[in-house]
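Engineer: Sequence first, predicted coordinates after that:
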Amino acid sequence: MKLITQIAEMHEFVDACRTKKETVGLVPTMGFLHQGHISLMERAIRENDKTIVTIFVNPLQFAEGEDLSSYPRDLEQDTSQCEATGVDLLFTPSPEEMYSQPILTAVHIDSMTSNMEGASRPTHFSGVATVVAKLFNIAGPCSAYFGEKDWQQLQIITKMAHDLSFRVNVYGCPTVRHSDGLALSSRNAYLTPEERTSATVLSRSLQKASETVQAGETTASAIRAQIDDQIATEPLVELDYVEIVEGNTLNSIDQISQGSRILVAAKIGKARLIDNVDPYCGIT
């Protein structure tokens, strides 16, 4: 595996791939890799000739007071995991390499960024869209892989790639979970043992909601109330939102149907965790 830090080196690598007519898989991450990230890498490796992983803790997507400085990092371990998985290139740029100063250009997507994470973190998705647009432009034509745990992010990136005519195929990959249902997240490292146990209420409430929908209750307000009530049984969990939306547009809906998505976010100790489910599939 090749490890690089410069954009120019990325250009050289992908230009060589195109010369050889090799397909490229791209897995953008912020590092502190877990099995969820590895599942993205494994799919990229299966479906492409060359696979690139990027690790960059993007300052633009953290607001003042959020956990930019404390976000978990372990580049040595991440490098070992990428190499063991079979990644061809690991790109770990510095903020100075990614952004000229002052930063005057940003990407914004209307409508889809105003609710859920966008309401709780108003500058977040502009930062996400900007860095992903840069990575797509640096990598050029490729297939890019993102986890469905960040459902709103996945839809926004998919829309951005389409609207800006990037020659990138964006693929969502299933959420990877612990055996007790908790979605894998780098921020799970913040949880104490007691908080870790309480955090499973997120997936448990989503699974119960899915069962209720499949039993015939499709009124969104009723499902939201059920999730609210279940999460309220865990005093360590501070609910941020429960939203039920049309899966692709992220528009709020009153009646649940095929293609809907239920999303939750909550603060648990130092961690802020998110999860979601297709109510007609449930937690798998």
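Structural biologist: Done, it's in.
Engineer: From now on I want contacts and neighbour counts done on CA atoms only, so please keep to that.
Structural biologist: Fine.
Engineer: Next, count neighbours for the nearest residue to Val57 once chain neighbours are set aside.
Structural biologist: Distance criterion CA to CA, 6 or more residues apart in numbering; nearest residue to Val57, sequence neighbours excluded, is Met30 at 4.7 Å. The number of residues packed near Met30 is 17, by other CA atoms under 10 Å.
Engineer: Go ahead and confirm Met30 touches Phe56.
Structural biologist: Yes - between Met30 and Phe56 a contact is recorded at 4.8 Å, counting by CA atoms under 8 Å.
Engineer: Distance of the residue nearest to Gly147 when sequence neighbours are not counted relative to Gln101?
Structural biologist: Closest residue in space to Gly147, ignoring its immediate chain neighbours: Cys173 at 4.9 Å, by CA to CA, 6+ apart. Separation of Cys173 from Gln101 (CA to CA, to the nearest Å) stands at 35 Å.
Engineer: circling back: overlap of the contact sets of Met30 and Phe56?
Structural biologist: Shared contacts of Met30 and Phe56, defined by CA atoms under 8 Å, 6 or more residues apart in numbering, are absent.
Engineer: ok, and for the longest helix along the chain, which residues are buried?
Structural biologist: Criterion DSSP state H: the longest helix present in the chain is helix 124-139. Neighbour counts over helix 124-139 (16 or more other CA atoms under 10 Å) mark 124-133, 135-136, 139 as buried.
Engineer: Also stretch 90-102?
Structural biologist: Neighbour-count burial for stretch 90-102 flags 90-93, 98-99 (criterion: 16+ other CA under 10 Å).
Engineer: mind listing which of these are in helices?
Structural biologist: Met98.
Engineer: In CSV, list the buried residues of stretch 90-102 along with pLDDT and distance to Lys50.
Structural biologist: Below are the buried residues of stretch 90-102 laid out as CSV (pLDDT from 0 to 100; distance: CA to CA, whole Å):
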residue, pLDDT, distance to Lys50
Leu90, 98, 11
Phe91, 98, 13
Thr92, 98, 17
Pro93, 98, 19
Met98, 98, 22
Tyr99, 97, 26
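Engineer: tell me the domain ranges of the chain?
Structural biologist: 2-173, 186-277 (automatic domain parsing).
Engineer: could you dump those domains to CSV with distance to Thr284?
Structural biologist: Shown next, in CSV, are the domains of the chain (distance: least, CA to CA, whole Å):
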stretch, distance to Thr284
domain 2-173, 12
domain 186-277, 9
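Engineer: Quick one: closest of those domains to Ile283.
Structural biologist: Minimum separation from Ile283 across those (CA to CA) falls at domain 186-277, 5.5 Å.
Engineer: So what touches stretch 210-228?
Structural biologist: 205-206, 209, 239, 242-244, 253-257, 277-282.
Engineer: Buried ones only from those, please, as a PyMOL command.
Structural biologist: Applying 16+ other CA under 10 Å to the contacts of stretch 210-228, the buried members can be selected in PyMOL as follows:
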select buried, resi 205+206+209+239+242+243+244+253+255+256+257+277+278+279+280+282
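Engineer: quick one on the thing from earlier: quick one: which of the buried residues of helix 124-139 is nearest Glu47?
Structural biologist: Distances from Glu47 to those, taken by CA to CA, are shortest for Ala139, at 16.5 Å.
Engineer: and that closest one, what pLDDT?
Structural biologist: Listed pLDDT for Ala139 reads 98.
Engineer: Nearest residue to it in space, please, no chain neighbours.
Structural biologist: Nearest non-adjacent residue to Ala139 (CA to CA, 6+ apart): Val14, at 6.4 Å.
Engineer: Got the confidence number for that neighbour?
Structural biologist: 98.
Engineer: Tell me the spacing between it and Glu64.
Structural biologist: 35 Å.
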